[in-house]
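Q: What would the 3D arrangement of this be:
(chains A, B, C and D)
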2 protein chains.
Amino acid sequence: MYERYYGILSHILINVGIYGKLNTSTVKLAKALGSTQQTISRKLIEMGNLGLIKREVNVNGVSLQLDCKGLNILKNQYRIMKTGFETRVKSIKGEVRSGLGEGRYYVSLPGYMEQFKKRVGFKPFPGTLNFFVEDYERMMFFLQNLEEIFITGFKTKERTYGSIRTFKAKIDNLKAAVVIPERARHPKGIFEIIAQHNLRNKLKLKDNDKVVITC
Amino acid sequence: MYERYYGILSHILINVGIYGKLNTSTVKLAKALGSTQQTISRKLIEMGNLGLIKREVNVNGVSLQLDCKGLNILKNQYRIMKTGFETRVKSIKGEVRSGLGEGRYYVSLPGYMEQFKKRVGFKPFPGTLNFFVEDYERMMFFLQNLEEIFITGFKTKERTYGSIRTFKAKIDNLKAAVVIPERARHPKGIFEIIAQHNLRNKLKLKDNDKVVITC
DNA sequence: ATTACTAAGAGGCGAGTAG
DNA sequence: TCTACTCGCCTCTTAGTAA
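A: The predicted structure is shown next:
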């Protein structure tokens, strides 16, 4: 609902804020928004009738101001986006799981290992610790908080290896990184983490033990 | 451009953030967004083709993830709104001007005066100081920073008096308020400010003197 | 220069339905 | 169930043009 008016509403907002009157013309607006004079003219009339904007026509063009309803539409949209972008999850709880040993194989490949060493800040132990996170959505917002390092894929004569999304994190205050291979299919909620040492030994972890990953 | 996809894009963002995969179905999405299964299905295909989302169809429904382009669209829109809503202008420069004495008349009306006393925190001197602001847009963002008090209009036997947007501010560290009558037509950039005392006397101001209004 | 009407064509929407 | 196609309807867009 009202999405078709977002362009004009935001244009007013960014130019004169929530209280100001924007003196412009349908031609200028059309150019700014990649539309036509006729379409803008019609939309402004509609928006006026809907109570989204206050609109005054004068000899130089039109004077536009956000009206309550239009302002609320923008505010709601802003609130949604703010939640999405600014939600800060500082830590996440997981349970240790056994993987299939694939992580060990991939991490140990020089094509990945060299990039980890150079860009993540440690030479990873050739193996991954798998863990399960109950609240997948929360995990995603946790990842948004972490510094992302993009490990690029590579090719050998035999096959292609995909890229790996890598997020710097900490486990028990040890430097670590959550790794999400572009192509790998884990069951939902299963993630992998790498660190300089064998985490199972170093932290004395066994399956189903609780772990906390932090920023 | 792409406004028609904002609903779906924001829905993904708020549910699983910028990295997550959202497991849903076209029916669920349609209900959540007030649309129909067919329309959502078609839009998802379009969005996939446009590179806005990564889309996987499975037996339970669809799995959706923001793709670079879709994420950038959201980020741009967010940036625009953030600028519009969060721009913080702490002070504004103006030059003293002479008004037409209307301010004096209106402020002194009991219908307004009582509200000022009760809600703005001082009994205003019956007169306004007019000032001119070069950067109208900046002034609007300055106003956004101030506490707004809405002074409602009233009727007498003779006529109707409109409402006055009132913003608490300071001039030379004195409590004051910028007043913008709903109906009054000032030339662009001309504003009025009220305070407990006669500002022209108290601050020894004459026309064209510089003043600074602060939060 | 403006805004905005008209009319025709483009394109989105959703009921029905296949797979 | 699910997705997604077809097709009729209707809305939106835009060129032309009036005021």
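Q: How about the residue most central in space within chain A, nearest residue that isn't a chain neighbour?
A: Nearest residue to the geometric centre of chain A (Cα atoms, centre = their mean): A:Q144, 5.7 Å. The shortest distance from A:Q144 to any non-neighbouring residue, by Cβ to Cβ, 6 or more residues apart in numbering or on different chains, is to B:G17 (5.2 Å). All C-beta spots, glycine's among them, are computed from the backbone N, C-alpha and C.
Q: I figured that neighbour hits A:Y136, correct?
A: No. Using Cβ atoms under 8 Å as the test, B:G17 is too far from A:Y136 to be in contact (10.3 Å).
Q: who's more crowded, the two?
A: Per other Cβ atoms under 10 Å in any protein chain shown, whichever of B:G17 and A:Y136 has more neighbours is B:G17, with 24 against 17.
Q: Provide a list of residues in contact with the closest residue to A:K93 other than its chain neighbours.
A: What sits nearest to A:K93 in space, not counting adjacent residues and going by Cβ to Cβ, 6+ apart, is A:V212, at 5.6 Å. Applying Cβ atoms under 8 Å, 6 or more residues apart in numbering or on different chains to A:V212 gives the contacts A:S91, A:I92, A:K93, A:G94, A:I171, A:D172.
Q: Could you identify the buried members of those?
A: By neighbour count, with 16 or more other Cβ atoms under 10 Å in any protein chain shown, the contacts of A:V212 hold A:I92, A:G94, A:I171 as buried.
Q: Can you tell me the SS state at the first one?
A: The reference is to A:I92. Three-state assignment for A:I92 (DSSP: H, G, I helix; E, B strand; the rest coil): strand.
Q: Next to DNA strand C, which bits of chain A? Give me the list.
A: With the criterion set to Cβ under 7 Å from any atom of the strand, chain A comes near DNA strand C through A:25-28, A:37-38, A:41-42, A:44-45, A:57, A:59-62.
Q: try it again with 6 Å
A: Chain A has residues A:S25, A:T26, A:V27, A:Q37, A:Q38, A:S41, A:L44, A:I45, A:V57, A:G61, A:V62 near DNA strand C, with proximity defined as Cβ under 6 Å from any atom of the strand.
Q: would you list those in a markdown table and tack on secondary structure and neighbour count?
A: Shown next, in a markdown table, are the residues of chain A next to DNA strand C (DSSP: H, G, I helix; E, B strand; the rest coil; neighbours: other Cβ atoms under 10 Å in any protein chain shown):
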| residue | secondary structure | neighbour count |
| --- | --- | --- |
| A:S25 | coil | 16 |
| A:T26 | helix | 20 |
| A:V27 | helix | 13 |
| A:Q37 | helix | 14 |
| A:Q38 | helix | 10 |
| A:S41 | helix | 17 |
| A:L44 | helix | 21 |
| A:I45 | helix | 12 |
| A:V57 | strand | 14 |
| A:G61 | strand | 16 |
| A:V62 | strand | 21 |
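Q: among those residues, which are in reach of DNA strand D?
A: Among the residues of chain A next to DNA strand C, the residues that sit close to DNA strand D (Cβ under 6 Å from any atom of the strand) are A:Q38.
Q: Closest one of the residues of chain A next to DNA strand C to chain B?
A: Comparing the residues of chain A next to DNA strand C against chain B with Cβ to the nearest Cβ places A:G61 closest, at 13.5 Å.
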